[in-house]
Each structure stands twice: as structure tokens, then as C-alpha cells.
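S.K.: here are the coordinates; sequence isn't available:
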């Protein structure tokens, strides 16, 4: 549709094509595992929300934010960012060892959450078979300086490519640990509360998702959690097989799930705005 607002990322971005992929859900679970290894960051989540009782709500809010900022109008993305910044400004957490009280919107904490998400999206989608060149991976990381700004970060302090992202993780690794809050997140992701009649489905379906997300973490994360993981080659095969199966589900069917960000974007911009892997590399 001529003159319609394409939003922050636009249909020409790598982000637009990637975020329509069904493996984003597994990437989101990996991000939660990784984010929980920063004690100050995960403490801010656990002390300000009932994670165990509202984890699904939290996951859906994250998905809604990513969908809105990727496929929504510029105004909708800016509103979503302003809402997140307002909430973060009001929240604090306390270090149980020192008694220090700190804001959850500290730049170091926001940067960790951002980098863990971007690394997880990129790692899972590439590892599961999405054809993405190194240059496109760098573009994707650079594009997300926009989403970093929305949550309150200075874009100039955010990694802009794979080399800078790798250097960031190397720098922050000494600060990571699997504390009590990380253990609680791990336990929840393995055994989420479920209606008794749905326990068999949880054991078959959800456990596979959680184990795949865990297996895709970097080796140092497995060491911190202290749980075994499949050999890298086995994890890579499982990731590719899952990607192959999920991508066989017709995109139009997947996109019918609420809140239908992609369908709304296509209605606003026209059918050529449809995210599609083949558009990568153009």
C-alpha cells in the first residue's frame, strides 16, 4: 500500500525476514536460559514478578513486543518502547548478599538482556537451517540497535556485528553464575505448571522444546547450570530437524495465531511485504 508506514525495520531488513520464522519460539526459550545466568538481571525479574505463576504471560508479552517493534508502525513501536521504559523505571531489586538496592533499568542489565536475546535468535535460526550469510548476520545485529534504543539503551554502546557481540560475551562471562534464581528458571522451564490432563503432552512436547533450547546454549552456560547437554553434533542435528519440521507448517496458518502482527503488516503494506527466507541474500 503506497505511503503506508513500514515501521522501524521495514520489509527490506534482515529482521523482517527472520522474525517470521517458527524457530523464534525456541530461540526465545534459549534467551531465557541465557539471561537467567546474570544474577543481577534475573534477580530483577524474580523480585518483581511471579515468574512461576505468570511465565506464559511474560513469554507472550515478550513475543508481543518483538512482533510490534518488528512489524508494527513506527508509532506503535515507539509506544511499546515507551511503555517498557516506564515500567523499568519503577522497578528495583535487592542484592541479598550486600543489601544493595538497584534499578532494573541499569544500562549494564538492559544490555545483557538485549545481547542474550539477539544472540539466541541468531544462533537458533542459523543453526536450524535458515540460510543467512555472515554479512546478513552482521546486518541483523546492527539493525537491533533500534530495538536497544526502544528499551532505553544508547545505540552507540550496543554491539553492531558478530565480532562486537562475541567480545561483549567474553567481557561479561566473569559476571555470570547459576544462582538460586537461575535454578528456579531452569526448574520452571523443565517442569512448567500444567493441568494434570496435559502432563503427558508436556512431557512429550514441551520437554523437547526446553531441552533443545538448553542444548543450543554455549558450553560455558552448560557448565554453569551443571546439567549435561547432548554432544554439539547431536544438538546441531536436532536443531536442524526441528527447523525442518516446523517450517513445513504453512506460514499463513502459523501467522493466524494472535496477535497476528505479520498479517496486519501485510494488510497495511501489501502482499509484497510477506516475510520469506528467499528474500535474504537479495
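M.R.: Thanks, I have it. Given the structure is predicted, the values throughout are model-derived calculations rather than measurements.
S.K.: What separation do you get for the nearest residue to residue 145 once chain neighbours are set aside and residue 149?
M.R.: Of all residues not flanking residue 145 in the chain, residue 155 sits nearest, at 3.8 Å (C-beta to C-beta, 6 or more residues apart in numbering). Quick note: C-beta positions are derived from backbone N, CA and C, even for glycine. Separation of residue 155 from residue 149 (C-beta to C-beta, to the nearest Å): 5 Å.
S.K.: Tell me which of these two has more neighbours.
M.R.: residue 149 (16 against 13; other C-beta atoms under 10 Å).
S.K.: is it true that that one lies in a strand?
M.R.: No. Counting by DSSP: H, G, I helix; E, B strand; the rest coil, residue 149 is not part of a strand but helix.
S.K.: Next, find the distance separating it from residue 279.
M.R.: Counting by C-beta to C-beta, the gap from residue 149 to residue 279 is 25 Å.
S.K.: Low-confidence stretches in the protein?
M.R.: In the predicted model of the chain, residues 1-2, 51-56, 194-204, 281-282 satisfy pLDDT under 70.
S.K.: run the last query once more with 90
M.R.: Where the chain drops to pLDDT under 90, the residues are 1-3, 49-63, 188-209, 252, 256-259, 276-282.
S.K.: now the strands: where do they sit in the protein?
M.R.: For the chain, strands defined by DSSP state E occupy the ranges 92-94, 101-103.
S.K.: looking at the ones you listed, which is buried most?
M.R.: strand 92-94 (a mean of 16; mean count of other C-beta atoms under 10 Å).
S.K.: so what strands line up beside it?
M.R.: Sheet partners assigned to strand 92-94 using DSSP bridges are listed as strand 101-103 (antiparallel).
S.K.: contacts for the strand it pairs with?
M.R.: 40, 88-89, 91-95 (C-beta atoms under 8 Å, 6 or more residues apart in numbering).
S.K.: Report the two of the residues you listed separated the most.
M.R.: Distances among the contacts of strand 101-103 were taken as C-beta to C-beta; the most separated pair is 89 and 95, at 19.4 Å.
S.K.: Would you confirm that residue 181 contacts residue 43?
M.R.: Yes. Assessed by C-beta atoms under 8 Å, residue 181 is found in contact with residue 43 at 5.7 Å.
S.K.: on that earlier part again, distance to residue 260 added to the strands of the chain, as CSV?
M.R.: Putting these into CSV (distance: least, C-beta to C-beta, whole Å) gives the following:
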stretch, distance to residue 260
strand 92-94, 35
strand 101-103, 34
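S.K.: For residue 10, find the nearest of those strands.
M.R.: Each of the strands of the chain was scored for nearness to residue 10 using C-beta to C-beta, and the closest is strand 101-103 (33.0 Å).
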